[in-house]
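[1] sequence first, predicted model second:
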Amino acid sequence: MTNFAARRTMMVDTQVRPSDVTKFPIIDAMLTIQREDFVPAAKREAAYMGENLDLGEGRVLLEPRTLAKMLDALDISRDEMVVDIGAAMGYSSAVIAHMSEAVVAVEESESLSAEAQDALAEAGVDNVVVHMAPLTEGAPQHGPYDVMIVQGGVEELPLGLQDQIKEGGRVACLFMDGALGEVRIGYKREGEISWRRSFNAGAPVLAGFTREQAFEF
């Protein structure tokens, strides 16, 4: 029988801590949340590998290192509301729920949304709302949000999502340029988002998050 608890500890000790992620809420959440319960049954054995986990249809569960470093850079506090774009089966939302007041998990897939509901309930995570909608639309009715995080690659962040971030809020996105990717943290000031580079990573670009090609004569 697989010892997932040991794998979870190894994930934190070999993938998260060596990446300079030391904040207690992040470490505690990633040691507590059973990642294997938030992936397809056929992928449970691969849940703790140090790479993106393919969920099909161009979607992935971000590798533990990438998620942990994004959360470290965002520095979420207990009184903040977070919107998690592309939550899939809810793993990232469950982790974030441990360090925030509440999470709105946005997922456009009906099957993934249903599985997220079940997995979150089974894990006893009661401060996450699963909101089924196109990822590019987010969940404006529950916002604005202190923090936004996008679970996949982007070429640009849709303006409709930017509008859901509070003044003074922040957002983490993994910007892809071909095969190269870079996580940037955005800070909203006077209605505009200024971006700061954080670290290199990679993931498939989410549908609807590609940059519009300029028309050339």
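    Great, that's in hand.
[2] which parts of the chain are helices?
    Ranges of helices within the chain are 4-11, 24-32, 64-74, 91-97, 110-122, 159-162, based on DSSP state H.
[3] where does pLDDT dip in this protein?
    Along the chain, the model assigns pLDDT under 70 to residues 213-217.
[4] 50 - rerun?
    Judged against pLDDT under 50, the chain has no low-scoring part.
[5] what segments of it are strands?
    53-56, 59-61, 81-85, 102-107, 128-132, 145-154, 165-177, 180-189, 192-200 (DSSP state E).
[6] what sits against the most centrally placed residue in the chain?
    Nearest to the geometric centre of the chain sits Gln151, at 3.8 Å (C-alpha atoms, centre = their mean). By C-beta atoms under 8 Å, 6 or more residues apart in numbering, the contact list for Gln151 reads 61-62, 84-88, 92. From N, CA and C alone the C-beta is placed, and that goes for glycine too.
[7] and the residues you listed, which is closest to Ala105?
    Ala87 (3.6 Å; C-beta to C-beta).
[8] how many neighbours does the closest residue to that closest one other than its chain neighbours have?
    With sequence-adjacent residues excluded and distances taken as C-beta to C-beta, 6 or more residues apart in numbering, Ala87 is closest to Ala105, at 3.6 Å. Other residues within reach of Ala105, judged by other C-beta atoms under 10 Å, total 32.
[9] swap in the one 5 residues further on?
    For Glu110, the neighbour count with other C-beta under 10 Å is 9.
[10] right, and it touches Met132 too?
    Yes: proximity of Glu110 to Met132 meets the contact threshold set by C-beta atoms under 8 Å, at 6.6 Å.
[11] the strands of the chain into a markdown table, with extra columns for distance to Ile27?
    A markdown table is the format used below for these (distance: least, C-beta to C-beta, whole Å):
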| stretch | distance to Ile27 |
| --- | --- |
| strand 53-56 | 21 |
| strand 59-61 | 19 |
| strand 81-85 | 18 |
| strand 102-107 | 18 |
| strand 128-132 | 20 |
| strand 145-154 | 18 |
| strand 165-177 | 18 |
| strand 180-189 | 19 |
| strand 192-200 | 18 |
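[12] go through the ones you listed and name the closest to Ala29.
    Across those (criterion: C-beta to C-beta), the nearest stretch is strand 102-107, sitting at 11.6 Å.
[13] against which helices or strands is that closest one packed?
    The helices and strands touching strand 102-107, judged by 3 or more C-beta pairs under 8 Å, 6 or more residues apart in numbering; DSSP states H and E, are strand 81-85, helix 91-97, helix 110-122, strand 128-132.
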